[in-house]
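S.K.: mind folding the following:
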Amino acid sequence: MNWNQELLNSALWLGKTFAITLVVFVFVMAVLARTTVWGRQFWSLSGGYFSPKRSWRPLLGVALLLLFTLFSVRMNVLFSFWYNDFYSALQALDQPKFWFSLNLFGVLAAIHVVRALLNAYINGSFTIHWRQWLNDRTVTEWMDHQAYYLGRFAQPAVDNPDQRIQQDVTNLVTTTLSLALGLVSSVVSMYEFTGILWNLSASMTVFGTEVPRAMVYLVYLYVLVATTFAIWIGRPLIELNFLNEKLTANYRYMLVRLREYGESVALYRGEPVEKRGLLSSFSAVIGNAWALLWRGLKFDGYNLSVSQVAVIFPFIIQAPRLFSGAIKLGDVMQTSQAFGQVEGALSFFRSSYDGFAGYRAVLDRLSGFEANVKASSELALPQVQDNPDALVLRDLSVMRPDGQPLTLDLNFTLSAGQALLIRGPSGSGKTTLLRTLAGLWPFSTGQAERPGGNACLFLSQRPYLPMGSLRGALAYPGEQITDDVARPILAQVQLGHLAEQLDVVQDWSQMLSPGEQQRLAFGRVLANRPSIVFLDEATSATDSGLEHSLYALLRTQLPQAMLVSVGHRETLAAFHDQALTLARDGRWRLEPA
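M.R.: As a prediction, this is how the structure comes out:
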C-alpha cells in the first residue's frame with residue numbers, strides 16, 4: 001500500500017461507499033417496513049420521528065451514523081495493511097520501515113481516537129433525541145385518549161404499561177441503533193476484507209480437487225454451518241426474553257402495590273399472605289432466569305467455541321506457505337486479521353441472535369401497547385354533551401361488561417343549586433353511573449348533558465393526591481393558588497394545622513389519613529369552584545358530624561353548584577333535594593330526598 005496516497009484514496013472510498021450504502025440502506029429499510037411484521041411494527045412506532053415533514057435532523061443523524069460506521073470499517077482496513085507492513089519489517093529486520101510503521105501507527109491511532117469520540121457523541125445525542133420523541137409520543141397518546149384508564153376495557157390487554165413506556169422505549173432505541181449499524185458494518189467489512197483475503201489466499205487440494213482461493217470459500221462455509229446451528233440453539237431465547245420482561249415487571253408491580261397499601265396490610269396482619277405472593281412471583285422470575293441462563297450458556301458456549309477455532313484456522317492454512325517462503329510473516333498476520341473480520345462480519349447474525357430475540361420481544365410489547373391505546377381511543381364511550389346550567393339524562397342505560405343491565409332508561413334533570421343523592425344496595429351500579437356521567441364507561445347508551453371542562457369535578461372515595469406540594473394537591477387539577485386562598489380553605493375543612501406546610505414536597509397520600517385526604521378533596525372543590533360536583537362516598541372516612549360540616553360548607557360556599565352524591569348514610573338526605581334509588585335489576589326510583 002502506498003501510504004502517501006492513502007489519504008486521498010480513503011476519502012474517495014468513503015464518499016463512494018457512503019453514497020452506495022445510503023441508497024441500499026434506505027431501500028432495505030423500506031422493504032422491511034412493508035414486507036415483515038417486525039418492520040411494520042417498528043415503522044408504526046417510530047416512522048413519525050424520521051418523517052422529513054417533521055424535521056430533517058433525524059435523517060441527518062442517520063446519515064452521520066452511517067458515515068462514521070463506514071469510517072470505522074476503513075480504519076480497520078488501514079490497520080490490516082499496517083499489520084502486514086509492521087510484521088514484514090520485523091521479519092526482514094528493516095529498521096527504517098519499522099520506525100516508519102510506528103510513526104504511522106501514531107497517526108492512525110490518533111485518527112481512530114477522534115473518530116471514536118465523535119461517533120460516541122453523535123450516537124449518544126441521536127439516542128437521546130429519539131428516546132425523548134418516542135417517550136413524549138407514547139405518554140401523550142396514553143394520556144390524551146385516557147388509555148391509562150380505558151385500556152382495561154380494550155383488547156389486546158396489556159400488562160405493566162409503566163414498564164413498556166419507561167424501559168421498552170429505551171431498549172427499542174438503543175437496540176435498533178446497535179443492530180442496524182452493526183449490520184451495515186458487517187456487510188461492508190465482509191465485502192472489503194473478502195477482497196483482502198482473496199488476494200492473500202492460494203489454491204488448496206480438497207479430496208483430489210484443486211480449489212482456487214480456498215480460504216475464502218472455507219470461511220463462508222464455516223460461518224454458514226456455524227450460524228445454522230446457532231439459530232437452532234438460540235431460538236427459545238425470543239420467548240424467554242419476553243417472559244423475563246413480563247415476569248420482572250409483575251414482581252416490581254407487586255412490590256409497589258405493597259408499599260402503597262402498606263398500612264392496610266399491616267392492620268390486617270397480612271404479611272404471610274403478601275410474603276407468599278411475593279415469593280411466588282419471584283420464583284417465576286427465577287425459574288425463567290434459570291432457563292435463560294442455561295439456554296444462554298449453550299448459545300454462548302457454542303459461539304465462543306466457534307470463535308476460538310476461527311482464531312487458529314487461518315494460521316493452519318497459511319503456515320505451510322510461510323515455511324516454504326511463498327509468503328511473509330506480515331501476510332500471515334494480515335490473513336489472520338482479515339479472516340477474523342470476515343468471520344466476525346458473517347457471524348453477525350449468529351452472535352447477535354440473542355440481541356434480535358430481545359429486540360423482537362421489545363417490539364411485540366410496544367406494538368401491543370400501541371394497539372391497546374388505539375383500541376382505547378375507539379371505544380364507544382357515552383356521549384356527554386356540554387350543558388353549563390343543568391344535568392340532564394335522557395334514556396340513559398348502563399350495563400355491565402357482560403351485557404347485564406345495571407340501570408335502564410334513566411331520565412331526570414338537575415338544575416343549578418340542586419342536589420341529588422344516589423342510593424341503592426352494593427352492586428347496583430351507583431359508582432358505574434358516575435363513571436358513565438364522566439364519559440369513562442363504554443358499556444352504556446343514551447344521552448347525558450352536564451357542565452364540562454373545569455366546571456365539573458369528581459371526588460372519589462379515595463382521593464387522588466399528585467406527587468408534589470400540598471399546595472398543588474389542594475389546587476388539583478387547577479393551577480397553583482396563593483396563600484390568601486389556600487390557608488382559609490384549609491381552615492374551613494379543618495386542616496388548618498397544615499397551613500405552614502403548603503410548599504412541602506412529599507408523597508402526601510402516605511402522610512395524610514383517609515379522613516384527612518377526603519377533607520383535602522373538599523378543599524379542592526372550594527379552590528376550583530366547579531358548577532357541578534360528583535361525590536362518590538366522599539365522606540366515608542369521616543364521622544357524621546364532620547360529614548355534616550363538610551356538606552354544609554359546600555352548600556354555603558357554592559350555593560349555585562349542583563351536587564350529585566353516592567352514599568349510604570341517611571344523614572346525607574338533609575343536604576339533597578332528590579334521591580335516586582337504584583336496584584340490581586336495572587330498575588330505579590326518583591323521589592324527594
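
S.K.: list the buried residues in stretch 239-253.
M.R.: Residues of stretch 239-253 classed as buried by neighbour count (16 or more other Cβ atoms under 10 Å): 240-251. Using the backbone N, CA and C atoms, a C-beta is placed for each residue, glycine as well.

S.K.: ugh, wrong one, stretch 369-384
M.R.: Residues 369-373, 375-376, 379, 381-382, 384 are the ones in stretch 369-384 that count as buried (16+ other Cβ under 10 Å).

S.K.: quick one, strands of the stretch 1-150 of the chain?
M.R.: Assigned by DSSP state E, counting those that start in this stretch, the stretch 1-150 of the chain shows no strands.

S.K.: now do the helices in it.
M.R.: Applying DSSP state H, counting those that start in this stretch to the stretch 1-150 of the chain gives helices spanning 6-35, 37-46, 57-92, 95-144, 147-150.

S.K.: from I489, how far out is G523?
M.R.: Computed as Cβ to Cβ, to the nearest Å, the G523 to I489 distance reads 5 Å.

S.K.: anything in contact with each of the two?
M.R.: L474 (Cβ atoms under 8 Å, 6 or more residues apart in numbering).

S.K.: and Y148, how far is that from N103?
M.R.: Counting by Cβ to Cβ, the gap from Y148 to N103 is 63 Å.

S.K.: between these two, which has more neighbouring residues?
M.R.: Neighbours were counted for Y148 and for N103 using other Cβ atoms under 10 Å; Y148 has more, 14 against 10.

S.K.: now for that one: which residues touch it?
M.R.: Going by Cβ under 8 Å, 6+ apart, Y148 touches 142, 161.

S.K.: mind checking pLDDT for G424?
M.R.: As predicted, G424 sits at a pLDDT of 91.

S.K.: list the contacts for the closest residue to it other than its chain neighbours?
M.R.: Leaving aside its sequence neighbours, G424 sits nearest to L582 (Cβ to Cβ, 6 or more residues apart in numbering; 3.5 Å). The contact partners of L582, by Cβ under 8 Å, 6+ apart, come to 406-407, 422-424, 428-430, 433, 588.

S.K.: so what's L582 bridging to?
M.R.: W588 (DSSP bridges).

S.K.: pLDDT score assigned to it?
M.R.: Reported pLDDT for L582: 93.

S.K.: same check on K374?
M.R.: Value listed for K374 in the pLDDT field: 91.

S.K.: give me the element it is part of.
M.R.: helix 353-377 (DSSP states H and E).

S.K.: so that helix versus helix 37-46, what angle?
M.R.: 60 degrees (axes from the mean of the first three to the mean of the last three Cα atoms, to 10 degrees).

S.K.: who are the packing partners of helix 353-377?
M.R.: When contacts are defined as 3 or more Cβ pairs under 8 Å, 6 or more residues apart in numbering; DSSP states H and E, helix 353-377 packs onto helix 37-46, helix 95-144, helix 147-150, helix 169-200, helix 214-234, helix 237-260, helix 271-323.

S.K.: Y251: what's its closest spatial neighbour, skipping adjacent residues?
M.R.: Nearest to Y251 is S281, by Cβ to Cβ, 6+ apart, at 4.6 Å.

S.K.: quick one: contacts for that neighbour?
M.R.: S281 makes contacts with 247, 250-251, 254, as judged by Cβ under 8 Å, 6+ apart.

S.K.: of all those residues, which two lie farthest apart?
M.R.: Spanning the widest gap among the contacts of S281 are L247 and M254, at 10.9 Å by Cβ to Cβ.

S.K.: A230 against N303, yeah?
M.R.: Yes. If you go by Cβ atoms under 8 Å, A230 and N303 touch, sitting 6.4 Å apart.

S.K.: for A475, which of the helices of the stretch 1-150 of the chain is the nearest?
M.R.: Closest to A475 of the helices of the stretch 1-150 of the chain, according to Cβ to Cβ: helix 95-144, at 19.2 Å.

S.K.: what helices or strands is that closest one leaning on?
M.R.: When contacts are defined as 3+ Cβ pairs under 8 Å, 6+ apart, helix 95-144 sits against helix 37-46, helix 57-92, helix 169-200, helix 353-377.

S.K.: minimum distance to Q163: which of those helices has it?
M.R.: Q163 sits nearest to helix 353-377 of all the helices and strands packed on helix 95-144, at 8.2 Å, using Cβ to Cβ.

S.K.: got the angle between that closest one and helix 271-323?
M.R.: Interaxial angle, helix 353-377 versus helix 271-323 (the same axes, to 10 degrees): 140 degrees.

S.K.: and the next element down the chain from helix 353-377?
M.R.: strand 383-386.

S.K.: now do that next one: distance to the chain's middle.
M.R.: Put simply, strand 383-386 sits 34 Å off its chain's centre (Cα atoms, centre = their mean, to the nearest Å).

S.K.: ok, that strand: who's next to it in the sheet?
M.R.: strand 444-450 (parallel).

S.K.: and the strand it pairs with, what's buried?
M.R.: 444, 446, 448-450.

S.K.: tally of neighbours for V26?
M.R.: 12.

S.K.: so the residue nearest to I196 when sequence neighbours are not counted is in which element?
M.R.: Nearest non-adjacent residue to I196, counting by Cβ to Cβ, 6+ apart: A338, 4.4 Å away. Element membership of A338 [criterion: DSSP H and E] is helix 329-346.

S.K.: the bottom helix or strand of this protein by mean pLDDT?
M.R.: Using mean pLDDT, DSSP states H and E, strand 204-206 stands out as the lowest-scoring helix or strand of the chain, at a mean of 65.

S.K.: hang on, the earlier thing: let's have the buried residues of stretch 239-253 in a markdown table, adding pLDDT and distance to Q557.
M.R.: A markdown table is the format used below for those (pLDDT from 0 to 100; distance: Cβ to Cβ, whole Å):
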| residue | pLDDT | distance to Q557 |
| --- | --- | --- |
| L240 | 84 | 60 |
| N241 | 78 | 57 |
| F242 | 77 | 54 |
| L243 | 85 | 55 |
| N244 | 86 | 54 |
| E245 | 78 | 50 |
| K246 | 82 | 49 |
| L247 | 89 | 51 |
| T248 | 87 | 49 |
| A249 | 82 | 45 |
| N250 | 86 | 46 |
| Y251 | 89 | 47 |
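
S.K.: make a markdown table out of these and add distance to P530.
M.R.: Putting the buried residues of stretch 239-253 into a markdown table (distance: Cβ to Cβ, whole Å) gives the following:
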| residue | distance to P530 |
| --- | --- |
| L240 | 51 |
| N241 | 48 |
| F242 | 45 |
| L243 | 47 |
| N244 | 47 |
| E245 | 42 |
| K246 | 41 |
| L247 | 44 |
| T248 | 42 |
| A249 | 37 |
| N250 | 38 |
| Y251 | 41 |
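
S.K.: perfect, I'm done here.
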